[in-house]
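Engineer: Structure, please.
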Amino acid sequence: MWYKCAPEVLAFAPFEASGALAFQRHKLVAIVASRKKQIVLSFVMLAGSIAVTTVLYLNRPPTLIAEPVHNAISVDVAEVVKQTLRIPVQAQGTVSPLQETSILAEVNGRIIEVSPAFNVGGFVSRDDILLRLDPRDYETNLLRAKAALKSAESTLAQEKGRTKVAEREWQKLPKGSQRSQDAKDLYLRKPQMALAQSQMFAAQADIDTAQDNLERTFVRAPYDALIRSKHSELGQFVAAGSPLADIFSVEYAEIRLPIPQNKLAYLELPDMSGAEEGSPIDIYTDVSGEIKHWTAQLHRTEGVFDERSRVLYVVARVEDPYGLNDSDREPLRIGTFVNANIEGKELTGIVPLPRYVMRAGNSLWVVDESGYLRNRKVSLLRTGGDLVYVKGGLDEGDLVSLTSLDNSFDSSEVRIESSTPSNLLDKSGRRKVKNNAQLIDVTAAVEQPASDSEGG
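Structural biologist: Numbers count the residues shown, from 1 in each chain. Modelled structure (predicted):
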């Protein structure tokens, strides 16, 4: 350092060097002073921080440990009321006629007359004349048959007279001349008598045939029917066996309804003899934007399962489908595709609930006696639609939550906002407007679950 140099060195240094050393000395003095100032400022700030911390610590508020607050969850519940229900089985099918006939000509002839109703879509009653063939040839044949009968009757009468004469002559002959029985029969003209009787019977049969053929020139409806199609017209010549028209019965209509094997236990099927009919059926379909209903009866089953689909076809029968006896009734036309609700057997101890209350694994929320939410597993009749039918797992008076909650609310305390008997709930979980539940609201196709754990 410059202040440590010997005096003699400084005495001999040039004038310029002494000025530079003075500048450096001044610079070093400034650096030392700045560092001292920073150190002092740091100590002041540290002391101030400690003082502020001490004041805040001494003036802190007292610590209070608060208990957690558990708010009860508001839910709506359904009070379980077990019911005896008939759950319809739903199926679909096409309306078909009970009887369908192709009318054929039985004799040859030209069509000389047709009924005003002999048109496609025309209604005809039993024994109405559809058309008439030219009868002149058959009237002539009938006259000839009657004349032949008269001739046969005359021949028979003559033979009867000859037989009586021969019998008197036979009795006058000596006993020794009476030989074999065959000779006696020939003498008494019995073969001739038998021939005359046969000719008379043949003539009578010819009259019957001619009369029948004459009657067959009138083509009549075998039952109350609707004409589906016609193949003949006025003036046309037809031969025996020619098709004239196709008709089907309008007295009854039938609908084949496929029922899976696992649904049959829910139905009251007619017995195999068909003496007793089964369950009533509600038939409905959309007609011009409006749902129309008809009443049918489960008439019979076809008796065998379809090998491919494993269904049993049951047959519903509808009386007077076209409403001919009731003008106010909507006609159920042949070929209409319809839905059918077949009334099921009575099932006891069933609880219907809205489908949305069910959770995974056939579980639902139940409020226990202490007011806490519990998970309850139930067994169901597996159905479609917006309702489920609980057959096991619930007791009379249990409270089922109608409010949808997730698993995090298990064992939570609840507050009941409203309670509705389960038999007064609709499919949305609201109270019904009317207190009478109707079967028509239930349109689910019931399926037998494989186990009690299966759900809807």
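
Engineer: can you pull up the bridge partners for the residue most central in space within the chain?
Structural biologist: The residue lying closest to the centre of the chain (CA atoms, centre = their mean) is Ala91, at 2.4 Å. Listed by DSSP bridges, the beta-bridge partners for Ala91 are Ala340.

Engineer: got a list of what it touches?
Structural biologist: 257-259, 314, 339-340, 342, 445 (CB atoms under 8 Å, 6 or more residues apart in numbering). C-beta: built from backbone N, CA, C; applies to glycine.

Engineer: Tabulate the residues you listed in CSV, adding columns for secondary structure.
Structural biologist: Listed next are the contacts of Ala91 as CSV, based on DSSP: H, G, I helix; E, B strand; the rest coil:
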residue, secondary structure
Leu257, strand
Pro258, strand
Ile259, strand
Val314, strand
Asn339, strand
Ala340, strand
Ile342, strand
Ala445, coil
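
Engineer: Weed out the non-buried ones from these.
Structural biologist: Buried by 16 or more other CB atoms under 10 Å: 257, 259, 314, 339-340, 342, 445, out of the contacts of Ala91.

Engineer: Any idea which of those the model trusts least?
Structural biologist: Model confidence across the buried ones among the contacts of Ala91 bottoms out at Ala445, which has 38.

Engineer: Excluding sequence neighbours, find me the nearest residue to Pro331.
Structural biologist: The spatial neighbour of Pro331 that comes closest, neighbours along the chain excluded (CB to CB, 6 or more residues apart in numbering), is Tyr322 at 4.5 Å.

Engineer: Tell me how far Gln83 lies from Leu394.
Structural biologist: According to CB to CB, to the nearest Å, Gln83 stands 12 Å off from Leu394.

Engineer: who has more neighbours, the two?
Structural biologist: The neighbour count for Gln83 versus Leu394, taken as other CB atoms under 10 Å, is higher for Leu394 (21 against 15).

Engineer: Make sure the more buried one is indeed in a strand.
Structural biologist: No. Going by three-state DSSP, the assignment for Leu394 is coil, not a strand.

Engineer: if I look at Gln83 and Leu394, which residues touch both of them?
Structural biologist: Shared contacts of Gln83 and Leu394 (CB under 8 Å, 6+ apart): Val351.

Engineer: got the contact list for the nearest residue to Glu413 once chain neighbours are set aside?
Structural biologist: In this structure, Glu413 finds its nearest non-sequential neighbour in Ala72, 4.7 Å apart by CB to CB, 6+ apart. Contact analysis of Ala72 by CB under 8 Å, 6+ apart lists 371, 412-415.

Engineer: Buried among the residues you listed? Need that as a selection in ChimeraX.
Structural biologist: The buried residues among those can be selected in ChimeraX (16+ other CB under 10 Å) with this line:
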select :412,414
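
Engineer: Format the contacts of Ala72 as TSV; extra columns: secondary structure.
Structural biologist: TSV is the format used below for the contacts of Ala72 (three-state DSSP):
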residue	secondary structure
Gly371	coil
Ser412	coil
Glu413	strand
Val414	strand
Arg415	strand
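
Engineer: ok so, going back, check the gap between the residue nearest to the centre of the chain and Ser408 for me.
Structural biologist: Distance, Ala91 to Ser408, using CB to CB: 43 Å.

Engineer: Also Asn325?
Structural biologist: Counting by CB to CB, the gap from Asn325 to Ser408 is 64 Å.

Engineer: Equivalent analysis for Val357, please.
Structural biologist: 18 Å.

Engineer: next one: Glu346
Structural biologist: Computed with CB to CB, the distance linking Glu346 and Ser408 is 41 Å.

Engineer: which one of these two has more residues nearby?
Structural biologist: Neighbour comparison, Glu346 and Ser408: the larger count goes to Glu346, with 11 against 6 (by other CB under 10 Å).

Engineer: Tell me who's in contact with that one.
Structural biologist: 84-86.

Engineer: Might one say that Ser404 is in contact with Met358?
Structural biologist: No. Counting by CB atoms under 8 Å, Ser404 does not reach Met358; the two are 10.3 Å apart.

Engineer: Between those two, which has more neighbouring residues?
Structural biologist: Met358 (17 against 11).

Engineer: Which pLDDT does the model give that one?
Structural biologist: pLDDT, Met358: 89.

Engineer: buried set for the host helix or strand of Ala152?
Structural biologist: Per DSSP states H and E: Ala152 is located in helix 136-172. Within helix 136-172, the residues scored as buried using 16+ other CB under 10 Å are 138, 141-142, 145-146, 148-149, 152, 155-156, 159, 166.

Engineer: Return the distance of it from the chain's centre.
Structural biologist: Between the centre of helix 136-172 and the centre of its host chain there is 71 Å, according to CA atoms, centre = their mean, to the nearest Å.

Engineer: Who are the packing partners of that helix?
Structural biologist: helix 181-187, helix 190-215 (3 or more CB pairs under 8 Å, 6 or more residues apart in numbering; DSSP states H and E).

Engineer: about what we covered before: so how far is Arg376 from the residue nearest to Glu413?
Structural biologist: Distance, Ala72 to Arg376, by CB to CB: 20 Å.

Engineer: ok, now Gln261?
Structural biologist: The gap separating Gln261 from Arg376 is 31 Å, by CB to CB.

Engineer: Comparing those two, which shows the higher neighbour count?
Structural biologist: Ranked by neighbour count (other CB under 10 Å), Gln261 and Arg376 place Arg376 first, with 18 against 13.

Engineer: Skip the chain neighbours and tell me the closest residue to the more buried one.
Structural biologist: Of all residues not flanking Arg376 in the chain, Val366 sits nearest, at 4.3 Å (CB to CB, 6+ apart).

Engineer: The one you found: which element?
Structural biologist: Secondary structure assignment for Val366, by DSSP H and E: strand 363-367.

Engineer: Contacts for that strand, please.
Structural biologist: With CB under 8 Å, 6+ apart as the test, strand 363-367 has contacts from 75, 77, 353, 357-359, 373-378, 394, 398-401, 403, 405, 409, 414, 416.

Engineer: Was I right to think Glu330 contacts Lys292?
Structural biologist: Yes. With contacts counted by CB under 8 Å, Glu330 reaches Lys292, the gap being 4.8 Å.

Engineer: mind listing what's buried in stretch 94-111?
Structural biologist: By neighbour count on 16+ other CB under 10 Å, the buried set for stretch 94-111 is 95, 97-98, 101, 103, 105-109, 111.
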